[in-house]
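# Fold the following, please.
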Amino acid sequence: VPRGAGSPAVPVQPPYVLATFGGPGTAPGRFNRPRSITHDGHGTCYVIDLTDRVQAFDIATGRFLRLWHLLDIRQGRPQRIRAAPDGILTVADTHYGRVLRYDNRGTLLGVFGTEGKAPGQLYYPVGLCFLADGRLAVSEYGGHDRVQFFGMDETLLGGFGKGGTGNGEFIRPEALAQGPDGNLYVADAANQRVQVFGPDGTFLRAFGEAGIGRGRLSYPYDLAFDPRGRLIVLEYGAHRLSFWSLQGKWEGDLGGLGSRPGELASPWGLCALGDGTVLVTNSDNHRIERWRLP
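Numbering: from 1, shown residues only. Down below sits the predicted model:
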């Protein structure tokens, strides 16, 4: 529709942007730098930001549904939320060395983990991934970078990794995802790469190189897989999503720095919905965006 002379331009929304919701603020339905997002498979997504709460939204409409408050944030904010296959919401309470479990109404069901660096303890837990065999994989950073496996009864079932730059070593393993090949993919954020491990933690391969050009990675902060089996990497430092084959071949990207729909500013998290769309936490723009994947 033509606009009159002097009328302000209307931002053009890219065709891959299906919806946005939120906005800056601390009122219900608003965000202070949303960090992580997950969905329950039944039309509801859950978001944590830099406040002390979990907020639930209807995915189809973006309508705010409810919220609840976390146990404590005086030492720092949690960095990851994931829904278990049974719908239990699991929060990596990073600065308290523990994992919190909630039902979808916000009732606290349990807490596990004690802060520390011994096997079975947690030191800055940040990444969570529920594996097909029922184990929970948890990644940690803060100078004690590793991945540990736990049973649903919270029993330690092994682990791997240490701080460093070599194969199988990490500097801030920010996120985890299990691929359609059964392997565990780790966003080795400060090493600017993705590492791939067998289900037992055996190192298989790594890909990525520091930078913001085509086929490079800049602080990969979250991972997901699309229905085609491609790896989706959310890059905090490059303000985009990039797409990779399971063998590490770059297949394109979406996004870029900015404040308009379809542009990102220091994004932290994403989740794939299984229908060819993803939800992205557009963190410094204080909103959630739903994108259709290419």
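
# Now residue 284: phi and psi?
phi -70, psi -10 (degrees, to the nearest 10).

# Sorry, wrong one. I was asking about residue 189.
Taking degrees, to the nearest 10 as the convention, residue 189 sits at phi -60, psi -60.

# Okay, it and residue 126: tell me how far apart.
9 Å (Cβ to Cβ, to the nearest Å). No exception for glycine: its C-beta is placed from N, CA and C like everyone else's.

# Give the intersection of the neighbour lists for those two.
172, 173, 174, 175 (Cβ atoms under 8 Å, 6 or more residues apart in numbering).

# and which of those is nearest to residue 145?
Nearest to residue 145 among the shared contacts of residue 189 and residue 126 is residue 173, at 5.7 Å by Cβ to Cβ.

# quick one, phi psi at the closest one?
phi -70, psi 90.

# Renumber starting at 5 from here on
With the count now opening at 5, the last piece we talked about shows up as residue 177.

# Correct me if wrong: it contacts residue 130.
Yes - with contact defined as Cβ atoms under 8 Å, residue 177 reaches residue 130; the gap is 7.4 Å.

# shared neighbours, the two?
Common contact partners of residue 177 and residue 130 (Cβ under 8 Å, 6+ apart): 143, 144, 145.

# Can I get those in TSV including pLDDT?
What follows is the shared contacts of residue 177 and residue 130, written out as TSV (pLDDT from 0 to 100):
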residue	pLDDT
143	98
144	98
145	97
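
# Out of those, which sit inside strands?
Assignment to strands by DSSP state E places the following of the shared contacts of residue 177 and residue 130 there: 143, 144.

# can you give me the helices for the protein?
Assigned helices in the chain: none (criterion: DSSP state H).

# what about it, any weak spots by pLDDT?
5-15 (pLDDT under 70).

# So which of the shared contacts of residue 177 and residue 130 is the closest to residue 169?
Taking Cβ to Cβ as the measure, residue 145 is the one of those closest to residue 169, at 14.0 Å.

# Now do the contacts for the closest residue to the closest one other than its chain neighbours.
Closest residue to residue 145 apart from its sequence neighbours, by Cβ to Cβ, 6 or more residues apart in numbering: residue 176 at 4.4 Å. Contact analysis of residue 176 by Cβ under 8 Å, 6+ apart lists 130, 145, 149, 192, 193, 194, 195.

# Do a quick rundown of the strands in the stretch 5-154 of the chain.
With DSSP state E, counting those that start in this stretch, the ranges of strands along the stretch 5-154 of the chain come out as 21-26, 40-43, 48-52, 57-62, 68-73, 84-87, 93-97, 102-106, 112-116, 129-134, 140-144, 150-154.

# what's in contact with the third one?
Just to be clear, that refers to strand 48-52. By Cβ under 8 Å, 6+ apart, the list of residues contacting strand 48-52 from outside reads 35, 38-44, 58-63, 69, 74, 81-82, 84-85, 87, 93, 95, 108, 275, 283, 285, 292.

# Enumerate every residue touching residue 138.
Shown in contact with residue 138 (Cβ under 8 Å, 6+ apart): 155, 156.

# what comes up buried for stretch 22-31?
By neighbour count with 16 or more other Cβ atoms under 10 Å, stretch 22-31 contains the buried residues 23, 24, 25, 26.

# That stretch spans what distance, first to last residue?
Start-to-end span of stretch 22-31 (Cα to Cα, to the nearest Å) is 24 Å.

# can you redo the strands of the stretch 5-154 of the chain as JSON lines with distance to residue 298?
As requested, the strands of the stretch 5-154 of the chain are exported to JSON lines (distance: least, Cβ to Cβ, whole Å):
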{"stretch": "strand 21-26", "distance to residue 298": "12"}
{"stretch": "strand 40-43", "distance to residue 298": "20"}
{"stretch": "strand 48-52", "distance to residue 298": "22"}
{"stretch": "strand 57-62", "distance to residue 298": "25"}
{"stretch": "strand 68-73", "distance to residue 298": "30"}
{"stretch": "strand 84-87", "distance to residue 298": "25"}
{"stretch": "strand 93-97", "distance to residue 298": "30"}
{"stretch": "strand 102-106", "distance to residue 298": "34"}
{"stretch": "strand 112-116", "distance to residue 298": "38"}
{"stretch": "strand 129-134", "distance to residue 298": "25"}
{"stretch": "strand 140-144", "distance to residue 298": "28"}
{"stretch": "strand 150-154", "distance to residue 298": "30"}
